[in-house]
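Asks: here's a sequence, model it:
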Amino acid sequence: MAFLCRPEKWYVANKSRSPGKPTNTRQFTLLGCMPLFSRYLWLMRRKLSSWLGKPVPSNYTRHQYSNAISFGGLADIGYILVEFVDETQGEMLSNTWKEGRHDRELRTTLFRDLSRIFLSLCRSPLPRIGSLTIDNYGFLHVANRPLSVEIQQLENEGISTDIPRDYTYSTADSYVIDMLGAHDNRFRQQPNAVNNLGDCAYQLSVLTAMRTVFQSIFNRSFRRGPFVLCFTDLHQSNIFVDAQWHIKCLVDLEWACSRPIEMMTPPFWLTDKGVDEVVPAEYDISRRQFMEALVTEEELSHREKDDGSTPLCLSEIMNRTWESGAFWYTMGISSPSGVFTIFSNHIKPLFCKKYDEEFGVVMPFFFEKNVGGIAGRKLADKAKYDKDLRYAFEHCTDYLSE
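Replies: I've put the predicted structure just below:
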């Protein structure tokens, strides 16, 4: 699936199926691609809804193709948005990132464009934590679970997240608890989750502590919002830029979902390191440059609006999340494999810089009752996994030799 932030010529196909009922095919087209009369009627509907204080429909209009073959091959696809990104429009940022990331002018241009995108998302807060869906009448709703990229990665590995498809959240802490539950499930269900008893105790300690500290890290005044659309898979290959690093397109936004505003953070890859390899002092240099660009764009946005209201200051929130550790906590729950290093290097020192040995001895016992039984099962899982892996390699070698 490919979602673009600057759509021009695309369609949306939404197929839903209820148990015991036939498939319901809904087709939508961007308003700008519709005939003039249809476009005029839809614009009038949007204006009237706005004047009357009612929900405003999206820029997609529903219609039916006369040729049923058009969607004959999409029986099992939920949504698909299509647009061709021509080479003249831009190229993936990853193609020039390593060489250009040290150029201050290029970075400033990128950061200012990215700041404008973040600010535009914050101007339209969402009522709940979840993912957007579109109904039969073209209205957008937060009616699906917050399908972030880490949830997809876990489920692709056969690990259950225990988050129902139609489940959304009204508070930040309920969302964090369920995300931590998905991390717990990875520990329980992944057969090679631990290497030995020491590694098992270490992981149990981190998972237990992550449950304990999050209420001290996140600001409770944002517990019930605002919630904003966040890009959970915004890496360099999903950003298309021109030669000056102006952002032209964003792709693969199917993992965008509404999250607490404190989870909107600068990209972790600003220093070209993995999420569990980031060095705070080095990263903070790039982060400060990003924040300078954000403050500049924020001031411009506030001057343009100037309606007497007190605007939400995203730069202040981002600076607080860096100081409180919410930046690292967000990175941790977003990385099932990196959470342990992130916790040990960046979160635990905020509370306790000493007693590493005691931490690993005491904390596992607060993960769950009968933690010894859990550890025993995980060691048995690892032994069986190693045995099955050796068996598979031996028979693969025999097969190839034949």
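Asks: for the residue sitting nearest the centre point of the chain, which three-state class applies?
Replies: The chain has residue 232 as the residue nearest its centroid, 2.1 Å off, counting by C-alpha atoms, centre = their mean. The three-state assignment at residue 232 reads coil, by DSSP: H, G, I helix; E, B strand; the rest coil.
Asks: excluding chain neighbours, what is closest to it?
Replies: Excluding the flanking residues, the one nearest residue 232 by C-beta to C-beta, 6 or more residues apart in numbering is residue 148, at 4.0 Å. Where C-beta positions appear, they are placed from N, C-alpha and C, glycine not excepted.
Asks: tell me where the stretch 101-250 of the chain has strands.
Replies: Applying DSSP state E, counting those that start in this stretch to the stretch 101-250 of the chain gives strands spanning 131-134, 140-144, 227-230, 239-241, 247-250.
Asks: with mean pLDDT and distance to residue 89 added, can I get the ones you listed in TSV?
Replies: Below are those laid out as TSV (pLDDT from 0 to 100; distance: least, C-beta to C-beta, whole Å):
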stretch	mean pLDDT	distance to residue 89
strand 131-134	88	25
strand 140-144	90	26
strand 227-230	96	23
strand 239-241	95	7
strand 247-250	92	5
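Asks: could you dump those strands into JSON lines with distance to residue 279 and mean neighbour count added?
Replies: Shown next, in JSON lines, are the strands of the stretch 101-250 of the chain (distance: least, C-beta to C-beta, whole Å; neighbours: other C-beta atoms under 10 Å):
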{"stretch": "strand 131-134", "distance to residue 279": "33", "mean neighbour count": "18"}
{"stretch": "strand 140-144", "distance to residue 279": "36", "mean neighbour count": "17"}
{"stretch": "strand 227-230", "distance to residue 279": "24", "mean neighbour count": "23"}
{"stretch": "strand 239-241", "distance to residue 279": "23", "mean neighbour count": "24"}
{"stretch": "strand 247-250", "distance to residue 279": "26", "mean neighbour count": "19"}
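Asks: including distance to residue 31, could those strands go into CSV?
Replies: CSV is the format used below for those (distance: least, C-beta to C-beta, whole Å):
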stretch, distance to residue 31
strand 131-134, 13
strand 140-144, 13
strand 227-230, 20
strand 239-241, 23
strand 247-250, 19
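Asks: do you know which of those lies nearest residue 364?
Replies: For these, the distance to residue 364 is smallest for strand 227-230, at 32.2 Å, taking C-beta to C-beta.
Asks: from the contact counts, what lies against the closest one?
Replies: Using 3 or more C-beta pairs under 8 Å, 6 or more residues apart in numbering; DSSP states H and E, the elements in contact with strand 227-230 are helix 104-122, strand 257-260.
Asks: just checking: what are the partner strands of the last one?
Replies: Meaning strand 257-260. strand 227-230 (antiparallel) (DSSP bridges).
Asks: and among the helices and strands packed on strand 227-230, the most buried is which?
Replies: Counting by mean count of other C-beta atoms under 10 Å, strand 257-260 has the highest mean neighbour count of the helices and strands packed on strand 227-230, with a mean of 26.
Asks: mind exporting the C-alpha coordinates of it to CSV?
Replies: C-alpha atoms of strand 257-260 as CSV (Å, rounded to 0.1, in the frame of the first residue of the first chain):
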residue,chain,number,x,y,z
CYS,A,257,-2.2,6.8,13.4
SER,A,258,-3.4,9.2,16.1
ARG,A,259,-1.2,9.1,19.2
PRO,A,260,-0.7,11.4,22.2
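Asks: starting from it, tell me the next helix or strand along the chain.
Replies: helix 280-305 (DSSP states H and E).
Asks: coming back round to it: mind putting the helices and strands packed on strand 227-230 in JSON lines, distance to residue 286 and mean pLDDT included?
Replies: Below are the helices and strands packed on strand 227-230 laid out as JSON lines (distance: least, C-beta to C-beta, whole Å; pLDDT from 0 to 100):
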{"stretch": "helix 104-122", "distance to residue 286": "7", "mean pLDDT": "95"}
{"stretch": "strand 257-260", "distance to residue 286": "23", "mean pLDDT": "96"}
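Asks: any idea which of the ones you listed gets closest to residue 340?
Replies: Evaluated over the helices and strands packed on strand 227-230, closeness to residue 340 peaks at strand 257-260, with 22.1 Å, by C-beta to C-beta.
Asks: need the contact partners of the closest one.
Replies: Strand 257-260 has contacts (C-beta atoms under 8 Å, 6 or more residues apart in numbering) with 126, 128-132, 142, 146-148, 172, 175, 218, 222, 225, 227-230, 232.
Asks: surely residue 295 and residue 315 touch.
Replies: Yes - contact criterion C-beta atoms under 8 Å: residue 295 and residue 315 qualify, at 4.9 Å.
Asks: who's more crowded, the two?
Replies: Taking neighbours as other C-beta atoms under 10 Å, residue 295 and residue 315 compare with residue 315 leading, 20 against 17.
Asks: tell me who's in contact with the more buried one.
Replies: 291, 294, 295, 298.
Asks: now, among these, which is nearest to residue 213?
Replies: residue 291 (24.8 Å).
Asks: mind listing what the closest one touches?
Replies: For residue 291, the contact set (C-beta under 8 Å, 6+ apart) comprises 266, 315, 318, 319.
Asks: which members of those residues occur in helices, if any?
Replies: 315, 318, 319 (DSSP state H).
Asks: what separates the second one from residue 125, distance-wise?
Replies: Meaning residue 318. Distance, residue 318 to residue 125, using C-beta to C-beta, to the nearest Å: 16 Å.
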